[in-house]
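Undergrad: model this:
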Amino acid sequence: MLSEVFYLNLDSIELQAERTVDPTLKTRPIAIISSADSSGTIISLSNEAKEEGLYEGMKVSIAKKKKQMVQFLPYNRALYQRVNKYTYDTLSKFTPIVEPSGMNGFYMDMKGMVRSQDSIKDFGLSVIKKIESRISLFSVIGISANKLVSRIITNVVHESIHEVHFGLENQFLAPLSFNVLPTARLKPVHRILHFLFIDKIFQLQILTKCAEDFRTLFGVNAVQLADEAVGRDTSLVRPPIFKDHLLEQLVLPKNTNNQYVLLSAVQDLSEKVAFQLRKRGQIAKRIRLEVHYVDGYSSSIIGSANYPDDISISKECKKLFAKANNRRVSIRSILLDLSQFKPYTEQKNLFFDSESRDMEISRAVEKIRRKYGITIIKKANVLHALG
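TA: Alright, predicted model coming up:
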């Protein structure tokens, strides 16, 4: 059997995504937090923040008291999901069978994708380079005959790409800590392993030879644990089913609470999503507007729009922004997330009403944008505020 399963691991996708959209963060100590309130914790942090003494899982309230120089960013799920989806689309050009695993990882079924005369490692390196060139993200790849071993490789081997050949899985796993096995991390299993003073997988491999004792110790988890200990995994790489969303986010050039700048940003975002809606011939029955503040807090509110013209969408988004922005703290970014799409059918009216006028104006602008790009025409306030 050939090594046909890749696992691509995007190291700290949250940090990489934040630094991609805002290059000023590249050398600054930053921490991604679950919530800005006292119960929030640090989810991910940069090496610079680690040097300041912070660690993952630390309470935000304690971290903010200790370190004033660290920038705390709210967990921007919409941004990370968009980066995740873009990575998925890029990987799909190499193989039609790609399975996302959480926010950071992707399994790839490479069966039949690599020609026999090619090195599978060289193919993996081409995947890494494509991700770096298109999305500016650093990644590593583990290669083996199954999903379990491919994923473990990226957690324990400090190389950009590493392959474990079929039949050598148990040798690869033997010297590793049992904590790399999913079943071994279950509380009842972990408790027994700790009681038996087992810390390496090779000890588990020896224990599996006493099948009856092994079943007595680990009960319903015995079979799965025994398979994992020797690197056996028969699960298939399964592509996902995505929900349809339309996302647009703007990271402001400078943190601000200036209403003129903020409303211009909302208008710019709303015109971009309205352009996409008309292109799709749809309206969005659910529009979620998110405001992300510089101190880590965020606020969101939901609305809808019955028309896809620039004026209707802009009016609704500005109304949502006025409700969502209930603090005087500077804002870092604004996000629009549209879903629950319905076909848009325009009824011709004998009388030229305001809705018809708004749609005609939007279509006239759209013709130019389709030909020269969406940013070719901007409202004066957007151009003045955002450039």
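Undergrad: helices or strands up against the lengthiest helix in the chain?
TA: Taking DSSP state H as the assignment, the helix of the chain that covers the most residues is helix 259-280. Secondary-structure packing of helix 259-280 (3 or more C-beta pairs under 8 Å, 6 or more residues apart in numbering; DSSP states H and E): strand 246-256, strand 282-293, helix 310-324, strand 331-343, helix 354-372, helix 380-386. All C-beta atoms are positioned from the backbone trio N, CA, C, and that covers glycine.
Undergrad: and these as a markdown table, adding distance to Ile301 and mean neighbour count?
TA: What follows is the helices and strands packed on helix 259-280, written out as a markdown table (distance: least, C-beta to C-beta, whole Å; neighbours: other C-beta atoms under 10 Å):
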| stretch | distance to Ile301 | mean neighbour count |
| --- | --- | --- |
| strand 246-256 | 16 | 16 |
| strand 282-293 | 6 | 21 |
| helix 310-324 | 4 | 20 |
| strand 331-343 | 11 | 19 |
| helix 354-372 | 23 | 14 |
| helix 380-386 | 22 | 15 |
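Undergrad: ok, and for the longest helix of the chain, which residues are buried?
TA: For helix 259-280, burial by neighbour count (16 or more other C-beta atoms under 10 Å) applies to 261-278.
Undergrad: so where is the protein shaky, pLDDT-wise?
TA: Within the chain, the stretches with pLDDT under 70 are 1-2, 67, 115-118, 242-243, 346-359, 361-362, 365-366, 369-387.
Undergrad: and Arg82, which of the three is it?
TA: At Arg82, secondary structure determined by DSSP: H, G, I helix; E, B strand; the rest coil is helix.
Undergrad: need the contact list for it.
TA: Counting by C-beta atoms under 8 Å, 6 or more residues apart in numbering, Arg82 touches 247, 249.
Undergrad: hmm, 7 Å instead?
TA: Leu247 (C-beta atoms under 7 Å, 6 or more residues apart in numbering).
Undergrad: the one 5 residues further on too?
TA: By C-beta under 7 Å, 6+ apart, the residues touching Thr87 are 10, 106, 131, 135.
Undergrad: pull out the buried residues from the residues you listed.
TA: Those of these that meet the buried threshold are 10, 106, 131, 135, by 16+ other C-beta under 10 Å.
Undergrad: among those residues, which are in helices?
TA: Using DSSP H, those in helices are 131, 135.
Undergrad: widest-spaced pair of the buried ones among the contacts of Thr87?
TA: Farthest-apart pair in the buried ones among the contacts of Thr87 is Phe106 and Ile135; separation 12.3 Å (C-beta to C-beta).
Undergrad: show the backbone phi and psi for Gln205.
TA: For Gln205, the backbone dihedrals (degrees, to the nearest 10) come out as phi -60, psi -40.
Undergrad: residues of stretch 206-226 that come out buried?
TA: 207-208, 214, 217-218, 221-222, 224-226.
Undergrad: which pair in those spans the largest distance?
TA: Spatial extent of the buried residues of stretch 206-226 (C-beta to C-beta) is set by the pair Leu207 and Gln224 at 14.4 Å.
Undergrad: got the domain boundaries for the protein?
TA: 1-166, 168-240, 246-386 (automatic domain parsing).
Undergrad: in the chain, which residue is closest to the centre?
TA: Tyr80 (3.0 Å; C-alpha atoms, centre = their mean).
Undergrad: check the spacing between that one and Leu252 real quick.
TA: Tyr80 is 19 Å from Leu252, where distance means C-beta to C-beta, to the nearest Å.
Undergrad: next, the contact list for Arg280, please.
TA: Contacts for Arg280 (C-beta under 7 Å, 6+ apart) come out as none.
Undergrad: please repeat the previous calculation with a cut-off of 8 Å.
TA: Applying C-beta under 8 Å, 6+ apart, we find Arg280 in contact with Phe341.
Undergrad: okay, and Val189 sits in which element?
TA: Applying DSSP states H and E as the criterion places Val189 in helix 187-195.
Undergrad: actually Gly124, not the one I wrote
TA: helix 120-135.
Undergrad: same check on Gln16?
TA: Per DSSP H and E, the secondary structure element for Gln16 is helix 13-21.
Undergrad: quick one: strands adjacent to the next helix or strand after that helix?
TA: Sequence-wise, the next helix or strand downstream of helix 13-21 (DSSP H and E) is strand 30-33. Strand 30-33 pairs in its sheet with strand 42-45 (antiparallel), strand 71-74 (parallel), by DSSP bridges.
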